[in-house]
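Participant: I'd like to go over a predicted model; first the sequence, then the structure.
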Amino acid sequence: MISEIIAKLQQKTDLTYDQMNSVMTDILSGKTNDEQNAEFLSNLAQKGETDDELLGMLDKMQEYSLKVDTKNKGTVIDMCGTGGDKLQTFNVSTTASFVVAAAGGIVAKHGNRSSSGVSGSADIFEYFGYDLSLDPAQISEILLKHNICFMFAQKFHPAMKYVSNARKQLGRRTAFNLLGPLSNPAGVKNQLVGVFSTEFLDRLPAILKRKGAENIMTVRSDDGMDEFSTSAVNRVCILRDDKVLMNAIDPEVVGLHKSKLEDIQIKTREDAIKSFVGVLNNTANQAMIETTALNAAGGLIVANIADNFEEGVPIALDTIKDGKAFSLLEKFVADTGDISKLKEMI
């Protein structure tokens, strides 16, 4: 089966949804080998993935994943990026997720260890003693209690182990980098997604719309971040009320200061932890705090808490300044991890 599919891809022939769904069944069941998987992913990337192909892959990934049944009442969201921008910035999406949750949102955070940056979301949660192997039922209770939880991608997508060697062998982006953020185990229908290419700004909302998504916002900044940046204009696509709109968000227009990328870059894992805590307790530099606030504003919009960035940015900044964001972190770590790790930093 996969040999025929690889031959089609080599001839630049697009696969149907059913063909992709079928070959993904073989791949995620371990019926194909590393060499075949690498050849499949490489040829698919060289041809260029269609929306039907991406949807076929995504549906099969989710079919093979563990699921979290959320008990919260309200709009549950996720915030994450495709990664791979190699800009070595602090972990913006994890930090912004705590701000959104402290401001009244519900964040079922899905993530992994870093693939190209200094520290991924999993590394931060793990540092503070969060058990990355928690079962779905335990995570559902954490989300209900704190309005934020973390779902480790490697735990919730066990079948992805069959493609890990092929991905390492290729050493470059594949369709899975794009699909990872879209395969939230809690099945969220509201999401802020950072993308590595402007090509996917409008394509991802269109794909997720076919899966019943409600509020989807995709972003890529002009300085190359797969997140909102305060050092450049941000290209944004928003799916809301079944309509898809393109927009450009200038940080200065929504009341923030223009920063330099170097102000939010870090070098070590220790820097990553310090910047995460520093933003939440309002001691980090202005650029880190305002970058977090801008991303949190995007989260507050998809969470139906803010109508626009002019409304969302002040809510996010106030949530940091009045201590709500850090208070949430303290309670979360005390309940799910090792509070001494946090206390030794303040």
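Facilitator: Great, that's in hand.
Participant: List the buried residues in stretch 249-266.
Facilitator: 249, 251, 254, 256, 259, 261, 263, 264, 266 (16 or more other C-beta atoms under 10 Å). Using the backbone N, CA and C atoms, a C-beta is placed for each residue, glycine as well.
Participant: Mind telling me the two of these farthest from one another?
Facilitator: With C-beta to C-beta as the measure, no two of those lie farther apart than 254 and 266, at 24.7 Å.
Participant: could you dump the buried residues of stretch 249-266 to JSON lines with distance to residue 181?
Facilitator: Listed next are the buried residues of stretch 249-266 as JSON lines, based on distance: C-beta to C-beta, whole Å:
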{"residue": "249", "distance to residue 181": "20"}
{"residue": "251", "distance to residue 181": "23"}
{"residue": "254", "distance to residue 181": "24"}
{"residue": "256", "distance to residue 181": "25"}
{"residue": "259", "distance to residue 181": "25"}
{"residue": "261", "distance to residue 181": "22"}
{"residue": "263", "distance to residue 181": "25"}
{"residue": "264", "distance to residue 181": "20"}
{"residue": "266", "distance to residue 181": "21"}
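Participant: With pLDDT as new columns, can these be given to me in TSV?
Facilitator: Converted to TSV, these look like this (pLDDT from 0 to 100):
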residue	pLDDT
249	97
251	98
254	97
256	98
259	97
261	95
263	96
264	97
266	94
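Participant: what residues are up against residue 191?
Facilitator: Each residue near residue 191 by C-beta atoms under 8 Å, 6 or more residues apart in numbering is listed here: 77, 78, 79, 181, 182, 184, 208, 213, 215, 216, 217, 302.
Participant: now those residues as a markdown table including distance to residue 60 and secondary structure?
Facilitator: Converted to a markdown table, these look like this (distance: C-beta to C-beta, whole Å; DSSP: H, G, I helix; E, B strand; the rest coil):
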| residue | distance to residue 60 | secondary structure |
| --- | --- | --- |
| 77 | 24 | strand |
| 78 | 20 | strand |
| 79 | 24 | strand |
| 181 | 16 | helix |
| 182 | 13 | helix |
| 184 | 15 | coil |
| 208 | 16 | helix |
| 213 | 18 | coil |
| 215 | 25 | strand |
| 216 | 21 | strand |
| 217 | 25 | strand |
| 302 | 26 | helix |
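Participant: Most neighbours of all these, which one?
Facilitator: For these, the largest number of neighbours (other C-beta atoms under 10 Å) sits with residue 79, at 34 neighbours.
Participant: does that one really touch residue 93, like I thought?
Facilitator: Yes: counting by C-beta atoms under 8 Å, residue 79 does reach residue 93; the two are 4.9 Å apart.
Participant: Measure how buried residue 310 is and give me the count.
Facilitator: For residue 310, using other C-beta under 10 Å, the count is 12.
Participant: Correction: the previous question concerned residue 13.
Facilitator: Residue 13 has 11 neighbours, counted by other C-beta under 10 Å.
Participant: do the one 10 residues further on as well
Facilitator: One way to gauge burial is a neighbour count; for residue 23, by other C-beta under 10 Å, it gives 26.
Participant: secondary structure class for it?
Facilitator: Here residue 23 is recorded as helix under DSSP: H, G, I helix; E, B strand; the rest coil.
Participant: what about it, distance to residue 253?
Facilitator: 46 Å (C-beta to C-beta, to the nearest Å).
Participant: can you check residue 131 too?
Facilitator: Residue 131 is 42 Å from residue 253, by C-beta to C-beta.
Participant: Dump the C-alpha coordinates for stretch 176-196 into CSV.
Facilitator: Only the C-alpha atoms of stretch 176-196 are listed here, as CSV (Å, rounded to 0.1, in the frame of the first residue of the first chain):
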residue,chain,number,x,y,z
PHE,A,176,3.4,16.4,11.4
ASN,A,177,4.9,19.7,12.6
LEU,A,178,1.8,21.4,11.2
LEU,A,179,-0.7,18.9,12.5
GLY,A,180,0.7,18.5,16.0
PRO,A,181,-0.9,21.8,17.3
LEU,A,182,-4.2,20.9,15.6
SER,A,183,-4.5,17.5,17.3
ASN,A,184,-5.5,18.6,20.8
PRO,A,185,-6.5,15.6,22.9
ALA,A,186,-9.4,17.5,24.5
GLY,A,187,-10.9,18.2,21.1
VAL,A,188,-10.9,22.0,21.5
LYS,A,189,-12.9,23.9,18.9
ASN,A,190,-11.3,27.3,19.8
GLN,A,191,-7.7,27.8,19.3
LEU,A,192,-4.8,30.3,18.7
VAL,A,193,-2.3,28.7,16.5
GLY,A,194,1.1,30.1,15.5
VAL,A,195,2.3,29.0,12.0
PHE,A,196,5.7,28.8,10.4
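Participant: Give me the buried positions along it.
Facilitator: For stretch 176-196, the neighbour count (16+ other C-beta under 10 Å) marks 176-196 as buried.
Participant: now what about the lowest-mean-pLDDT helix or strand in the chain, what contacts it?
Facilitator: One helix or strand of the chain scores below all others by mean pLDDT, DSSP states H and E: helix 175-179, with a mean of 91. With C-beta under 8 Å, 6+ apart as the test, helix 175-179 has contacts from 41, 44-45, 49, 53-54, 57-58, 61, 82-84, 115, 160, 163, 167, 195-196, 200, 204.
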